[in-house]
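J.: Have a look; sequence and predicted model below, questions after that.
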Amino acid sequence: MPISPLRDRAAWKALEHHHAEIGGRHLRDLFEEDPGRGERMTAEAAGLYLDYSKNRITDETLRLLVDLARESELEQRRDMMFRGDRINVSEGRSVLHVALRMPRGSSLVVDGADVVPEVHEVLDRMAGFARRVRSGEWKGHTGKPIRNIVNIGIGGSDLGPVMAYEALRHYSRRDLTFRFVSNVDSTDVAEATRDLFADETLFIVSSKTFGTQETLANARSARDWLVGQLGTEEAVARHFVAVSTNAERVAEFGIDTENMFGFWDWVGGRYSMDSAIGLSTMLAIGPDHFHEMLDGFHEMDEHFRTAPLTENLPVLMGLLGVWYVNFFQVESVAVLPYEQYLKRFPAYLQQLTMESNGKHVTVDGRTVDYATGPVYWGEPGTNGQHSFYQLLHQGTRLIPADLIGFGRTHNPLGAHHDLLMANVFAQAQALAFGRTEEEVRAEGTAPEVVPHRVMEGNRPSNVLLAELLTPRVLGSLVALYEHIVFTQGVIWDIDSFDQWGVELGKVLAGRIAPQLQSEAEPELSHDSSTNALIRRYRGLK
Ligand SMILES: O=P(O)(O)OC[C@H]1O[C@H](O)[C@H](O)[C@@H](O)[C@@H]1O
């Protein structure tokens with residue numbers, strides 16, 4: 001039997017009633033009535049401890065949300081993904097990033113072929129290459145070892161590599177310099193190469209399609225820079241490698257496919273940091289640590305695949321997101337890592353979540369009559385506290401937050417870490433419980449200032465804790481969010497794996513670019529605003 005549209009599902013209707021009953025309740029009261037919730041509303045898996053007690057829920061809310069997941073056939077859809085069914089319907093593709101981290105020796109047969117040995121064959125080639133570069137055995141054109149590695153890619157071919165490089169810097173070789181070029185803005189490639197010597201620089205051109213305008217433009221400019229310094233096209237072979245699914249285009253660009261690391265169309269760009277797209281990560285941290293990261297991913301995959309829904313971290317967090325987006329009309333979610341090494345994690349999550357679930361039609365093409373993916377944003381703590389947290393605490397919007405903290409730091413220094421973590425717990429506490437008028441008055445605050453100092457509280461948050469940011473923990477953390485996105489996509493009945501919305505802008509830019517370079521009047525096919533902007537730009541350049 002087909003699943004009913006979301007708003008017709010029995011659990012949805014029950015949640016609507018339930019929200020009318022408890023939606024306005026304050027976390028202060030929920031904690032007072034149920035003092036054990038801080039210990040009970042927790043879950044743990046793959047090195048991550050989740051405290052979700054400071055959410056505006058009761059046990060009944062959870063029961064109903066889990067009903068909604070069952071009625072939406074989350075378990076069946078999850079099994080379809082793990083089986084390799086073509087759940088990316090608009091592109092007719094399987095969605096198998098989970099296969100990228102299946103252990104050697106396991107098996108997943110899709111369309112008659114076992115994909116796991118293919119995955120490990122590429123991982124082995126990457127490891128061989130990484131060992132040669134890291135040991136200095138791989139020589140540049142003039143015989144020098146590689147000292148600088150520049151990844152050129154954009155979107156999923158950039159954000160994962162940058163995030164992972166920053167996150168795992170503690171494990172990174174300090175005698176190698178890593179740079180990441182993504183923007184077609186020439187400043188990006190110019191600044192990334194300005195102080196480097198070409199004869200010790202390796203470019204990794206990362207592009208799933210090898211057709212992305214920005215990446216090809218940057219790769220061409222990098223090649224010109226290299227050939228300019230080394231004086232011969234022959235140098236390209238020792239200084240350029242490619243990561244792609246498209247061998248033909250790689251060869252066309254002039255990179256020997258011997259030096260290409262492949263992946264498959266069943267890996268979405270934003271789900272690819274653990275594929276060959278992670279080559280820069282492997283060069284930085286080495287193959288062993290890379291494999292530890294894959295183990296972390298896999299452990300979370302197994303948890304998602306097998307744990308009961310009520311104890312399942314991605315399911316719980318995904319459902320709580322649905323609760324706020326659809327019943328509290330929440331528009332955005334803040335991700336606040338209290339770990340400096342995770343400074344690019346919010347940016348990474350923006351692509352993962354928003355490109356996946358920023359959709360307006362259901363899988364079978366009907367326009368949705370409910371909200372889908374929220375805006376994700378964030379900054380590492382404690383910096384955000386001195387900037388936008390004011391709005392989180394006293395603004396008129398409800399913004400649920402994920403606070404991520406660690407038991408230990410790689411850089412212990414006096415009391416820093418305890419101070420950092422005190423802020424995690426304090427922020428979650430302040431968001432939830434705030435400060436009442438009576439409390440503010442009791443402090444002797446001048447009456448006219450009292451309203452300004454009152455903090456309503458009742459702002460929900462999740463706290464995620466892990467022992468230490470290791471490669472393994474990074475893997476589980478990323479997989480956690482991948483499966484949160486999946487869970488929500490299933491409830492919303494959308495295709496979380498396509499991204500048609502990014503195409504129109506590419507086509508229009510392709511049409512406008514030649515007009516910026518010619519003297520002719522802009523085509524009348526443009527609107528008056530675009531024509532005027534083109535003319536104005538020509539006058540400025
Ligand atoms: O890896 P590439 O094929 O170069 O794609 C890079 C990025 O560009 C596309 O436009 C998509 O929006 C992203 O999902 C993708 O990650």
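T.: Received the coordinates, thanks. Numbering: from 1, shown residues only.
J.: Is the residue positioned nearest the centre of the chain within a helix or a strand, and which one?
T.: Compute the mean C-alpha point of the chain, and by Cα atoms, centre = their mean the closest residue is Leu349, 2.7 Å away. Element membership for Leu349, per DSSP states H and E: helix 345-349.
J.: helices and strands around that helix, which ones?
T.: helix 159-167, strand 332-337, strand 375-377, helix 471-492 (3 or more Cβ pairs under 8 Å, 6 or more residues apart in numbering; DSSP states H and E). Glycine gets a C-beta too; all of them are placed from N, C-alpha and C.
J.: between these, which one is nearest to Asp111?
T.: helix 471-492 (21.6 Å; Cβ to Cβ).
J.: gap between the helix or strand that that closest one is followed by and the chain center?
T.: Proceeding C-terminally, helix 471-492 gives way to helix 503-517 as the next helix or strand, assigned by DSSP H and E. How far helix 503-517 lies from its chain's middle: 28 Å, per Cα atoms, centre = their mean, to the nearest Å.
J.: wait, which of the helices and strands packed on helix 345-349 is closest to the ligand?
T.: The ligand lies closest, by Cβ to the nearest ligand atom, to one member of the helices and strands packed on helix 345-349: helix 159-167, at 7.9 Å.
J.: Serialize the helices and strands packed on helix 345-349 to JSON lines and add fields for mean pLDDT and mean neighbour count.
T.: Formatted as JSON lines, the helices and strands packed on helix 345-349 follow (pLDDT from 0 to 100; neighbours: other Cβ atoms under 10 Å):
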{"stretch": "helix 159-167", "mean pLDDT": "98", "mean neighbour count": "26"}
{"stretch": "strand 332-337", "mean pLDDT": "98", "mean neighbour count": "23"}
{"stretch": "strand 375-377", "mean pLDDT": "98", "mean neighbour count": "18"}
{"stretch": "helix 471-492", "mean pLDDT": "98", "mean neighbour count": "25"}
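J.: which bits of the protein sit near the ligand?
T.: Within reach of the ligand by Cβ under 6 Å from any ligand atom, the chain has these residues: 154-157, 207-209, 212, 215, 269-270, 355, 499, 502.
J.: sorry, back to before: where does the residue nearest to the centre of the chain land on pLDDT?
T.: Leu349 carries a pLDDT score of 98 in this model.
J.: Could you pull up the contacting residues of it?
T.: Contacts for Leu349 (Cβ atoms under 8 Å, 6 or more residues apart in numbering) come out as 335, 376, 378, 481.
J.: continuing past the helix holding Leu349, what's the next helix or strand?
T.: helix 356-357.
J.: which other helices and strands contact that following helix?
T.: Counting by 3+ Cβ pairs under 8 Å, 6+ apart, helix 356-357 packs on helix 471-492.
J.: Just want the angle from the helix it packs on to helix 159-167.
T.: 140 degrees (axes from the mean of the first three to the mean of the last three Cα atoms, to 10 degrees).
J.: Can you name the residue of the stretch 201-350 of the chain nearest to the ligand?
T.: Gly269 (2.6 Å).
J.: residue contacts, whichever residue of the stretch 51-200 of the chain sits closest to the ligand?
T.: Residue of the stretch 51-200 of the chain nearest the ligand, by Cβ to the nearest ligand atom: Gly155 (2.7 Å). For Gly155, the contacting residues are 182, 212, 269-270, 351, 355, by Cβ under 8 Å, 6+ apart.
J.: same deal with Ser461?
T.: 54-55, 400-403, 427-428, 431-432.
J.: What segments of the stretch 201-350 of the chain are strands?
T.: 201-206, 240-244, 260-262, 332-337 (DSSP state E, counting those that start in this stretch).
J.: What strands flank the third one, and is each parallel or antiparallel?
T.: The one in question is strand 260-262. Under the criterion DSSP bridges, strand 260-262 sits next to strand 240-244 (parallel) in its sheet.
J.: and the strand it pairs with with strand 201-206, angle?
T.: Here the directions of strand 240-244 and strand 201-206 differ by 20 degrees (the same axes, to 10 degrees).
J.: who touches strand 240-244?
T.: By Cβ under 8 Å, 6+ apart, the list of residues contacting strand 240-244 reads 129, 153, 157, 202-210, 219, 222-223, 226, 250, 253-255, 257, 259-263, 276-277, 279.
J.: Repeat that for stretch 57-71.
T.: 3, 9-12, 14-15, 18, 22, 30, 34, 41, 75, 309-310, 315-316, 319-320, 322-323, 487, 490-491.
J.: coming back round to it: would you format the strands of the stretch 201-350 of the chain as JSON lines with distance to Ser90 included?
T.: Shown next, in JSON lines, are those (distance: least, Cβ to Cβ, whole Å):
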{"stretch": "strand 201-206", "distance to Ser90": "24"}
{"stretch": "strand 240-244", "distance to Ser90": "22"}
{"stretch": "strand 260-262", "distance to Ser90": "24"}
{"stretch": "strand 332-337", "distance to Ser90": "25"}
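J.: any idea how far the residue of the stretch 201-350 of the chain closest to the ligand is from Val315?
T.: 25 Å (Cβ to Cβ, to the nearest Å).
J.: of those two, who's got more company?
T.: More crowded of Gly269 and Val315, by other Cβ atoms under 10 Å: Val315, with 27 against 24.
J.: what's the closest non-adjacent residue to the more buried one?
T.: Closest residue to Val315 apart from its sequence neighbours, by Cβ to Cβ, 6 or more residues apart in numbering: Leu309 at 4.9 Å.
J.: same deal with Leu474?
T.: Once flanking residues are discounted, Leu474 sits nearest to Ala167: 5.2 Å by Cβ to Cβ, 6+ apart.
J.: quick one, what contacts the residue nearest to Val315?
T.: Neighbours of Leu309 in contact, by Cβ under 8 Å, 6+ apart: 66, 69-70, 74-75, 315.
J.: So which of the residues you listed belong to strands?
T.: Among those, no residue falls in strands (DSSP state E).
J.: So which of these sit within helices?
T.: Under the assignment DSSP state H, the contacts of Leu309 contribute 66, 69-70, 74-75, 315 to helices.
J.: how about JSON lines for these, with pLDDT added?
T.: Shown next, in JSON lines, are those (pLDDT from 0 to 100):
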{"residue": "Val66", "pLDDT": "98"}
{"residue": "Ala69", "pLDDT": "98"}
{"residue": "Arg70", "pLDDT": "98"}
{"residue": "Leu74", "pLDDT": "98"}
{"residue": "Glu75", "pLDDT": "98"}
{"residue": "Val315", "pLDDT": "99"}
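J.: what would these look like in TSV with distance to Asp295?
T.: Shown next, in TSV, are these (distance: Cβ to Cβ, whole Å):
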residue	distance to Asp295
Val66	29
Ala69	27
Arg70	30
Leu74	25
Glu75	24
Val315	22
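J.: Grab the two from the contacts of Leu349 that are most spread out in space.
T.: Most distant of the contacts of Leu349, by Cβ to Cβ, are Gly378 and Tyr481, 12.1 Å apart.
J.: which residue ranges form the helices in the stretch 51-200 of the chain?
T.: Ranges of helices in the stretch 51-200 of the chain, per DSSP state H, counting those that start in this stretch, are 59-71, 74-83, 115-135, 159-167, 186-193.
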